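Undergrad: for reference, the sequence and a predicted model appear below.
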Amino acid sequence: MIEFLKKITEQYNWLPEFAAIIGVLLLVFSKVRKGFGMVFKWAYLWLVFPFKGWTAINTILEEVKGLKETTVKTSEDITALKEIVGYNGGGGLMDIVGYIAGYQSSQFWLTSQPGFIMDEQGNVLDATHAYCSLLGLASKAELKGVAWKAYIDRDPAYNILDEYKEAAKREEAFRGHIDFFNASGQDVGNWIILARPISAEKAKTKRYIGYFYPASEKSKAIALKNNWAMNPPL
């Protein structure tokens, strides 16, 4: 048996060297493949990536340029819009609206009947000259806000204001009676107050326009003297 093994070993004594050579070749191939991978990677980074990087940078620059142009155009549009809509000394829509509002306020001031414009909370926004004359006031500013309550009977004032607010919530016309005192504290009679909503349907703040008509002998005498309407419209 020993002799047999000895003969086999002598016959195939080249196998260890062959195995060693194969191992060395595999190791070399592995290193070469890894080296090729590194070479390709660095070639990509140094040759391909810069091209793509510059392409990306150029794309970003174009986007920034486009954004800048859009911003400038938008700014120009806003400036033009401000010129059209804003106050520009005559031609702007806000100027026109202001002229119309001023004209309407002037016309309302000259209305020959004690009257007012109020919001839904009962704050006076505008008034007629006749209203100020009735109360002996030099300016409608003295009626602005809730200052008008200083010239009516104190207790009914709050009741009638609450009734007015309830009618305003329902956007209904309001009708009531009110006793006035002028700035000197003199009784100027009982008056019918008739107010109607004048705001657009979807307006956030409602507006009411109202007028006073005489309801007592004293108020009728004052109305007759000033040639004011004696009877409210039906």
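TA: That came through fine. Residues are numbered from 1 along each chain as shown.
Undergrad: rest of the way, CA atoms for contacts and neighbours
TA: OK.
Undergrad: and Ala168, its phi and psi?
TA: Backbone torsions for Ala168, taken as degrees, to the nearest 10, come to phi -70, psi -40.
Undergrad: list the buried residues for stretch 196-215?
TA: Using 16 or more other CA atoms under 10 Å as the burial criterion, the residues of stretch 196-215 that qualify are 196-197, 206-215.
Undergrad: out of the residues you listed, which comes closest to Asp119?
TA: Distance to Asp119, by CA to CA, is smallest for Arg207 among the buried residues of stretch 196-215, at 4.7 Å.
Undergrad: I'd say that closest one and Met118 touch.
TA: Yes - using CA atoms under 8 Å, Arg207 makes contact with Met118 at a distance of 5.8 Å.
Undergrad: skipping adjacent residues, who's closest to Lys218 in space?
TA: Gly189 (5.0 Å; CA to CA, 6 or more residues apart in numbering).
Undergrad: any figure for the gap between Pro233 and Asp187?
TA: Separation of Pro233 from Asp187 (CA to CA, to the nearest Å): 25 Å.
Undergrad: neighbour count winner among the two?
TA: Regarding Pro233 and Asp187, a neighbour count based on other CA atoms under 10 Å identifies Asp187 as having more, with 17 against 7.
Undergrad: so what pairs up with that one in the strands?
TA: Per DSSP bridges, the residues bridged to Asp187 are Phe181.
Undergrad: so it makes contact with Phe180?
TA: Yes - counting by CA under 8 Å, Asp187 touches Phe180, with 6.2 Å between them.
Undergrad: so, low pLDDT: which residues of the protein?
TA: Applying pLDDT under 70 to the chain flags the ranges 1-103, 154-158, 200-204, 234.
Undergrad: apply 90 and report the result again.
TA: Across the chain, the ranges flagged by pLDDT under 90 are 1-107, 152-161, 169-171, 198-206, 232-234.
Undergrad: contacts for stretch 165-176?
TA: By CA atoms under 8 Å, 6 or more residues apart in numbering, the residues outside stretch 165-176 that reach it are 120-122, 160, 164, 192-197, 206.
Undergrad: restrict that stretch to CA atoms and write it as CSV.
TA: The C-alpha trace of stretch 165-176 is given here as CSV (Å, rounded to 0.1, in the frame of the first residue of the first chain):
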residue,chain,number,x,y,z
LYS,A,165,-79.2,95.7,14.5
GLU,A,166,-81.7,92.8,14.4
ALA,A,167,-83.2,94.2,11.2
ALA,A,168,-79.7,94.6,9.7
LYS,A,169,-78.9,91.0,10.5
ARG,A,170,-81.9,90.0,8.4
GLU,A,171,-81.0,92.6,5.8
GLU,A,172,-84.5,94.1,6.2
ALA,A,173,-85.8,97.6,6.0
PHE,A,174,-86.1,99.3,9.4
ARG,A,175,-88.8,101.6,10.7
GLY,A,176,-89.1,103.1,14.1
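Undergrad: for Ala138, grab the count of nearby residues.
TA: Neighbours of Ala138 (other CA under 10 Å): 11.
Undergrad: also the one 3 residues further on?
TA: Applying other CA under 10 Å, we find 15 residues neighbouring Ala141.
Undergrad: and Lys165, helix, strand or coil?
TA: Classification of Lys165 using DSSP: H, G, I helix; E, B strand; the rest coil returns helix.
Undergrad: tell me where the chain has helices.
TA: 2-11, 15-43, 49-85, 93-109, 129-135, 154-169, 217-226 (DSSP state H).
Undergrad: state the distance from the nearest residue to Gln121 once chain neighbours are set aside to His177.
TA: Of all residues not flanking Gln121 in the chain, Lys165 sits nearest, at 5.9 Å (CA to CA, 6+ apart). Noted for Lys165: a distance of 15 Å to His177, by CA to CA.
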